[in-house]
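**Q** predicted model and sequence below, questions to follow.
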Amino acid sequence: MPESARPRLTPAVADVRRAVRESLPVEGLVLVALSGGPDSLALAAAVAFEARGRAGAVVVDHQLQDGSDAVAERAAEQARALGLDPVRVVRVTVALDGSPEAAARDARYAALADVAAETGAAAVLLGHTLDDQAETVLLGLARGSGSASLQGMAPVAGPYRRPLLGIRRSTTVQACADAGLEPWADPHNDDPAYTRVRVRRNVLPVLEAELGPGVTEALARTAEQLREDEEAFATMIDEVAEELAEHIDGGLAVPVAALAANPAALRQRIIRFVVASEFGVSLSRAHTLEIARLVTDWRGQGPLDVPGVRVARTGGMIEFRARIAEEHTDGHG
């Protein structure tokens, strides 16, 4: 970009650049997941400035809207104008059965992972903002999803980094305006058919109006605090479970006395940890509490079948074994 064309360093531009600078890996190619919207475009501009010569972009065309190919090509052109290289446009097919939001997300992350592997990228940067984090926490709270959902989105998850989780959406919009960039306005972001849009346009503004300003920031702080707690718990549970669990034929066993001696929160986390680590199953709260009753409310009840796992109290042990799939027939031979 010529010296005369460089944007002036406004507070919004400086804030986004600072957030990016603190998130960049020390070396290696970084890729920006670019939709062309204000969040990812402000991110792309900051990455182009902070990671000169080692930054590229991936534009995923979900092909869910008329003209999506033109939107993707325009975003790619903007990325190249910023000096990003390589710039890849990837067109994906989104399964339309089930949740379209989830299917689009799965297709997008698969495309990002493919390009990252192909280019040997050290990190993929995503444009989620503090507002996105608050919406995620509020949705998790409304669904009763527990602490895992209330943690929101992690700043770093494998190769993915989210530098803008401390930046408001209004700041990214202003950063684009200050830099002379014209972001794309995704009509899906205004479609009330999507739950997240209703939260963004209706629920959060009401909370701000009725409870006072700062609700969005408070929700994001809640996610950060819960993530810190979860990380501490995870380390503790890993150590405790490793000491307690014994390998048995087809699974693991944990002493009843040891589970009973722990507070309910730790006991239930140990149960979830054992099932997740050994069998790859994420237990619901209802299933976790059923298993915990084998410890705290033992009345001689028989084995419990939860997804993928059979749990039984045998002597002084709670035994977890993989369920053997039963072959069912329709009665006609």
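**A** That came through fine. Remember, predicted model here, so these are calculated numbers, not experimental data.
**Q** rest of the way, CA atoms for contacts and neighbours
**A** Fine.
**Q** please report how far residue 304 lies from residue 241.
**A** 21 Å (Cα to Cα, to the nearest Å).
**Q** name the element residue 319 belongs to?
**A** Taking DSSP states H and E as the definition, one finds residue 319 inside strand 317-322.
**Q** quick check: mean pLDDT across that strand?
**A** The pLDDT scores in strand 317-322 average 95.
**Q** what are the buried residues along it?
**A** Residues of strand 317-322 classed as buried: 317-322 (neighbour count, 16 or more other Cα atoms under 10 Å).
**Q** helices or strands up against it?
**A** strand 251-255, strand 309-314 (3 or more Cα pairs under 8 Å, 6 or more residues apart in numbering; DSSP states H and E).
**Q** run the angle between it and strand 309-314 for me.
**A** Here the directions of strand 317-322 and strand 309-314 differ by 160 degrees (axes from the mean of the first three to the mean of the last three Cα atoms, to 10 degrees).
**Q** nearest to residue 160, of the buried residues of strand 317-322?
**A** residue 322 (32.5 Å; Cα to Cα).
**Q** model confidence score at the residue nearest to that closest one when sequence neighbours are not counted, please.
**A** Distance criterion Cα to Cα, 6 or more residues apart in numbering; nearest residue to residue 322, sequence neighbours excluded, is residue 309 at 4.6 Å. Confidence at residue 309, expressed as pLDDT, is 95.
**Q** residue 309: neighbour count?
**A** Residue 309: 21 surrounding residues under other Cα atoms under 10 Å.
**Q** and for the one 4 residues further on?
**A** Using other Cα under 10 Å, residue 313 has 22 neighbouring residues.
**Q** so who does it touch?
**A** 294, 302-303, 319 (Cα atoms under 8 Å, 6 or more residues apart in numbering).
**Q** grab the nearest non-local neighbour of residue 75.
**A** residue 36 is the one closest to residue 75 (Cα to Cα, 6+ apart), at 4.8 Å.
**Q** now do the SS call for that neighbour.
**A** coil (DSSP: H, G, I helix; E, B strand; the rest coil).
**Q** cool, and residue 26?
**A** Going by three-state DSSP: residue 26 is coil.
**Q** for the chain, which helix or strand comes out least confident on mean pLDDT?
**A** Lowest mean confidence among the helices and strands of the chain (mean pLDDT, DSSP states H and E): helix 147-150, at a mean of 70.
**Q** quick one: list the elements packing against the helix or strand following that one.
**A** For helix 147-150, the following helix or strand on the C-terminal side (DSSP H and E) is strand 156-157. Helices and strands touching strand 156-157, by 3+ Cα pairs under 8 Å, 6+ apart: there are none.
**Q** pairing partners for strand 156-157, with directions?
**A** strand 160-161 (antiparallel) (DSSP bridges).
**Q** starting at the chain centroid, how far to the following helix or strand past the partner strand?
**A** Using DSSP H and E, the helix or strand that follows strand 160-161 towards the C-terminus is helix 169-178. Helix 169-178 has its C-alpha centroid displaced from the chain centroid by 24 Å (Cα atoms, centre = their mean, to the nearest Å).
**Q** mean confidence score for helix 169-178?
**A** Here the average pLDDT along helix 169-178 is 97.
**Q** packing partners for it?
**A** helix 11-23, helix 38-50.
**Q** low-scoring pLDDT stretches of the stretch 101-250 of the chain, where are they?
**A** Counting by pLDDT under 70, the stretch 101-250 of the chain contains low-confidence ranges at 145-149.
**Q** having no further points to raise, I will conclude here.
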